[in-house]
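**Q** starting from these lines, generate the structure:
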Amino acid sequence: MLKLKELKAMIPETGKMDRVPTYKKLRESGYEIVVKEVIDQDTEVMVYDNGLVVYRNYRRITIFPLHTCNSYSYEDGNHQNLVYEKVFEDEAWYLRLILEGEDWLAQNQRTRDAFHRVVSYSAISEEWKLMEDESMDLLQSVMRKEALDKLMLLLNEQEKEILLAYYVEGISQEQIAEAFEVTQQNISYLIRAAIKKSRRLLEEEPDCAFRMRNKK
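**A** Residues are numbered from 1 along each chain as shown. Predicted coordinates for the structure are as follows:
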């Protein structure tokens, strides 16, 4: 049985990174899997030789550095408990990583749930403050509910979640990318695509935009 401390001794720590790569990027990176454990048909954990861990539970995947898996803190009712690193060192390598993976999946799910709540756009104020970004000038006239409803009809569910999370909730592109398990570049592209759709709306219905610009 490979122990956690033995695995950590085999693999160097990951260098500094702003965020971990997506699973697709990691698979295409050329790094190799050092060890892998299949828990059941839906759950597996693997460690790459660059020090990154991939944990999969059904279709949900999260990636995190191996060497951050030290002591483990968890809540039990109103109490915060701590299991020290040495408790895991001589256990099977994957036990501590499963705990870490489940925590990350739970955190990502909470973020997704927050996005879904944002998509209840009927409760959004008429003064929808989208426009703090200079590239969004053309959306200034879509701040009233009439135009917002029309815009929402043009967007798919993912675009709604991302656009509202970014502009209404103020969640960063990096955080959104982490929750959707894609790159920040993909999120930026989706936001720009939604902006283009809104521009087309204004071009097709300029009278609506005029009414809103002059509405007190």
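
**Q** tell me the pLDDT of the residue at minimal distance from the centre of the chain.
**A** Nearest residue to the geometric centre of the chain (CA atoms, centre = their mean): Ala179, 1.6 Å. Note for Ala179: predicted pLDDT of 80.

**Q** and what of the one 5 residues further on?
**A** Reading off the per-residue confidence, Gln184 sits at a pLDDT of 86.

**Q** which residues does Met3 bridge with?
**A** No Met there; residue 3 is Lys. Ala92 (DSSP bridges).

**Q** how about residues contacting stretch 26-39?
**A** Residues from elsewhere that reach stretch 26-39 (CB atoms under 8 Å, 6 or more residues apart in numbering): 2, 7, 10-11, 21, 44-50, 52, 54, 63, 92-94, 98. Where C-beta positions appear, they are placed from N, C-alpha and C, glycine not excepted.

**Q** hey, C-alpha coordinates of it in CSV?
**A** Provided in CSV are the C-alpha atoms of stretch 26-39 (Å, rounded to 0.1, in the frame of the first residue of the first chain):
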residue,chain,number,x,y,z
LEU,A,26,-4.2,18.7,-18.0
ARG,A,27,-4.8,15.6,-20.1
GLU,A,28,-3.4,17.3,-23.2
SER,A,29,-0.4,18.8,-21.3
GLY,A,30,1.9,15.8,-21.6
TYR,A,31,2.1,15.1,-17.9
GLU,A,32,1.6,11.5,-16.8
ILE,A,33,-0.5,9.9,-14.2
VAL,A,34,1.7,8.5,-11.4
VAL,A,35,-1.0,6.8,-9.4
LYS,A,36,-4.8,6.2,-9.7
GLU,A,37,-7.4,4.7,-7.5
VAL,A,38,-10.9,3.7,-8.7
ILE,A,39,-13.3,3.9,-5.8
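
**Q** on that earlier part again, and the residue nearest to the centre of the chain, helix, strand or coil?
**A** helix (DSSP: H, G, I helix; E, B strand; the rest coil).

**Q** and the strand ranked longest in the chain, which residues are buried?
**A** Determined from DSSP state E, the single longest strand within the chain is strand 33-40. Within strand 33-40, the residues that count as buried by 16 or more other CB atoms under 10 Å are 34-35, 37.

**Q** by mean pLDDT, flag the weakest helix or strand of this structure.
**A** helix 206-213 (a mean of 40; mean pLDDT, DSSP states H and E).

**Q** now Cys50: how far from Gln184?
**A** Heads up, residue 50 is Asn, not Cys. Per CB to CB, to the nearest Å, Asn50 is found 20 Å from Gln184.
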